[in-house]
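sequence below, structure please.
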Amino acid sequence: MSAIKDVADEVTPTADDVIQECLNLETPRSFFLYAGAGSGKTHSLVVAVKSLKERERQRLTFEGRQIAIITYTNAACEEIARRLEHDPLVEVSTIHAFSWKMIKGFNDDIREWLRIKLASDIAELDDRLGRARTVNKTSLANQASRDSKARRLAALDEIPEFTYSPTGDNVSRQSLNHSEVIQMSAAFLPQPPLLDVMADRHPVLLIDESQDTNGALMDAFLKAQAAIPGRFCLGLLGDTMQRIYSDGKPGLDAAIPPDWAKPEKRINRRCPIRVVELINNIRAGADDHLQIPTPEAAQGAVRMFCTRQAPGQDFSLEDQIAEQMAEITGDAQWATGRDGRKTLILEHKMAARRMGFEGVFAPLYAVAHLNTALMDGTLPILKVFFDGVAPIVAAARSDDFTLMEAVRLRSPLLDPKHLEAAGNNQFELLESVGVATHALCEMLKDNNPLIEEVAQILQSSGLLALPDRLVAAMAQGATADPVPETSDREALEIHAYRVVLGRRYSEMAAFAGYANGLSPYGTHQGVKGLEFPRVMVILNDEEAGGFLFSYEKLLGITPASATDMKNESEGKDTSLSRTRRLLYVTCSRAEESLAIVVYSSQPEAARDRVIDAGWLTAEEVVVL
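Here you go, the predicted model:
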């Protein structure tokens, strides 16, 4: 508590006022708002923008300019836009969408950038292939990649206009991929003409979660601001302790120019006193930024449960721990099943095991080029079921009007142009839609068919449009065969879909609930900015199976590797620093009480380490 009291004496409640002063179109001053967990960062952003709009609405409207806001996810974009009443003077977008808006139309510059990049990539692959001693899966993949890049390089001059979708597959030959758009923006933005285009369109650019913005692109924004400080205000909002993605800029705070304003929000308005104390102790190993709770904050409760991971163990232990938390806290909601708490796990596959959709998730996750669309729910096969089938089936539980409205919004058969083309056969068309809808809903009512059977109804009736590669998978039929030995992207994708077709629809429904944020589970990385009354954090390195994070190292059970020590001595990120940040993010989600479940090879050692470190008291740690 003494650390909290010390910080309290230094609190300066003028961070929002400082930002207001910076957002002056006549004399702009760039700033970095340091805002820890639960400090109301988004509130500050919204208040600042609303004030700027009120002061400068006439000028911005007359000049045809907008305030630009970049945030990390589509959901966050929608939330900020909603709070700002979808004002046309404000453009809220993800980093990929913003980058594309900036470079779109610069086709000659894009073409020349690709020409240089592809030639460099081909030369690097030629070098690898020349050093390969045998023909194996890696060399075959390198050869396929080299040939693909060569074909793309040869066809560059045949492409008059390049395209890109921040949420799509981008598979056509004129399409750019996500990484290329970010890299081009980083290369183009700091210099004319794009520098002037950006400043003319957006005199103010505010970047939420700035610590996770791509490092190269953040450097470009900093260079752009330094080049035209009198015309362009760059506002960064974030907390370096909450950087959880590897491509974010390390040492962002040190890169901020000395003439920038650096307001700080230290009051944690989310967490109870005991959780604030814990996250301060976790953070103390990284920097000296501490938080204080609000004067009216409750005491709250924190417990750690340490246990071994037994072979074949199910997850009932986590339910038993929740029941113990109900007794400890006096909060019966802990014991109302998994919906009574938010359980945070390290990897999506851990949620897949607990919720029963691993059979759908695993084959798709194994295909590298599908990962981005899989993670954000935009993969076409998922959209068929998440945005098509699931809402229709849900509407069927209501009334006929609700059901037909759900179908009208989703089925290409009821598109006005399709109806018009049907002419005198519109009645028969509507009747066929009704039959197909009835067949789909009956199949899924109190039944659990194969996903292939559901897809066949959609295909035969045309009720919903199916992506081409799913149709190709259906032509070959469902399979349980292992992944083929090939580097062909299309073949790998079609095989993954064939595996999915052989799974039950209940797995897809469970996946949809998880992806839509309706499940009691969330990933450590996916809950930044969110908050829940009761939080259970699962620490299980063995189950996660990754190498970027290690809770056993953070707890001192497993020694740091030689690579960790080398990176730390060079000021680089390590698995320890990444894991510390992730633990800070997850623990700081708790509004009332927090349970940390540690699966460890040495649970007693884990208990001793956290007590010795001062994170928890002996009474707060239980070895099971």
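
now Y551: how far from T138?
Applying C-beta to C-beta, to the nearest Å, the value for Y551 to T138 is 31 Å. (Each C-beta comes from the backbone N, C-alpha and C, glycine too.)

ah, wrong one, I meant E619
On the measure of C-beta to C-beta, E619 and T138 end up 53 Å apart.

higher neighbour count, these two?
T138 (12 against 8; other C-beta atoms under 10 Å).

OK, contacts around A119?
Going by C-beta atoms under 8 Å, 6 or more residues apart in numbering, A119 touches L153.

show the average pLDDT along the helix or strand containing it.
With the criterion set as DSSP states H and E, the secondary-structure element containing A119 is helix 107-131. Within the predicted structure, the mean pLDDT of helix 107-131 is 95.

which positions in that helix come out as buried?
Within helix 107-131, the residues scored as buried using 16 or more other C-beta atoms under 10 Å are I110, W113, L114, K117, L118, D121, I122, L125.

what residues does stretch 76-86 touch?
In this structure, residues lying in contact with stretch 76-86 by C-beta under 8 Å, 6+ apart are 42, 45-46, 49-50, 53, 69, 71, 90, 92-94, 208-209, 529.

how about the buried residues of helix 107-131 in a markdown table, adding distance to C77?
Conversion of the buried residues of helix 107-131 to a markdown table gives the following (distance: C-beta to C-beta, whole Å):
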| residue | distance to C77 |
| --- | --- |
| I110 | 25 |
| W113 | 27 |
| L114 | 28 |
| K117 | 29 |
| L118 | 32 |
| D121 | 32 |
| I122 | 37 |
| L125 | 37 |
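
tell me which two of those sit farthest apart.
When the buried residues of helix 107-131 are compared pair by pair using C-beta to C-beta, the farthest-apart members prove to be I110 and L125, with a separation of 21.8 Å.

T163: which of the buried residues of helix 107-131 is nearest?
Taking C-beta to C-beta as the measure, T163 lies nearest I110 of these, at 10.5 Å.

please parse the chain into its domains.
For the chain, automatic domain parsing gives the domain ranges 13-103+192-265, 110-161, 273-346+524-623, 358-515.

Throw those domains into a markdown table and include distance to S185, thanks.
Supplementary listing: the domains of the chain in a markdown table, determined by distance: least, C-beta to C-beta, whole Å:
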| stretch | distance to S185 |
| --- | --- |
| domain 13-103+192-265 | 4 |
| domain 110-161 | 11 |
| domain 273-346+524-623 | 23 |
| domain 358-515 | 17 |
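
any stretches of the protein with poor pLDDT?
Along the chain, the model assigns pLDDT under 70 to residues 1-13, 167-171, 310-313, 376, 524-525, 528.

so which bits of the longest strand seen in it are buried?
Ranked by residue count under DSSP state E, the longest strand found in the chain is strand 590-599. Residues of strand 590-599 classed as buried: A590, E591, E592, S593, L594, A595, I596, V597, V598, Y599 (neighbour count, 16+ other C-beta under 10 Å).

just stretch 334-347 next, same as before
For stretch 334-347, a neighbour-count test (16+ other C-beta under 10 Å) marks W334, R338, G340, R341, K342, T343, L344, I345, L346, E347 as buried.

and the helices in the stretch 151-300 of the chain?
With DSSP state H, counting those that start in this stretch applied, the stretch 151-300 of the chain shows helices at 178-188, 194-201, 215-227, 252-255, 273-283, listed in chain order.

then the stretch 401-550 of the chain?
Taking DSSP H, counting those that start in this stretch as the criterion, the stretch 401-550 of the chain carries its helices at 416-422, 426-444, 451-461, 468-476, 489-501, 505-515, 541-544.

need these in a markdown table (columns: distance to A224 and mean neighbour count).
Below are the helices of the stretch 401-550 of the chain laid out as a markdown table (distance: least, C-beta to C-beta, whole Å; neighbours: other C-beta atoms under 10 Å):
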| stretch | distance to A224 | mean neighbour count |
| --- | --- | --- |
| helix 416-422 | 44 | 11 |
| helix 426-444 | 52 | 15 |
| helix 451-461 | 47 | 19 |
| helix 468-476 | 40 | 16 |
| helix 489-501 | 35 | 21 |
| helix 505-515 | 35 | 21 |
| helix 541-544 | 38 | 18 |
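
turn those helices into CSV, columns for distance to K572.
Below are these laid out as CSV (distance: least, C-beta to C-beta, whole Å):
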stretch, distance to K572
helix 416-422, 56
helix 426-444, 51
helix 451-461, 44
helix 468-476, 39
helix 489-501, 32
helix 505-515, 33
helix 541-544, 21
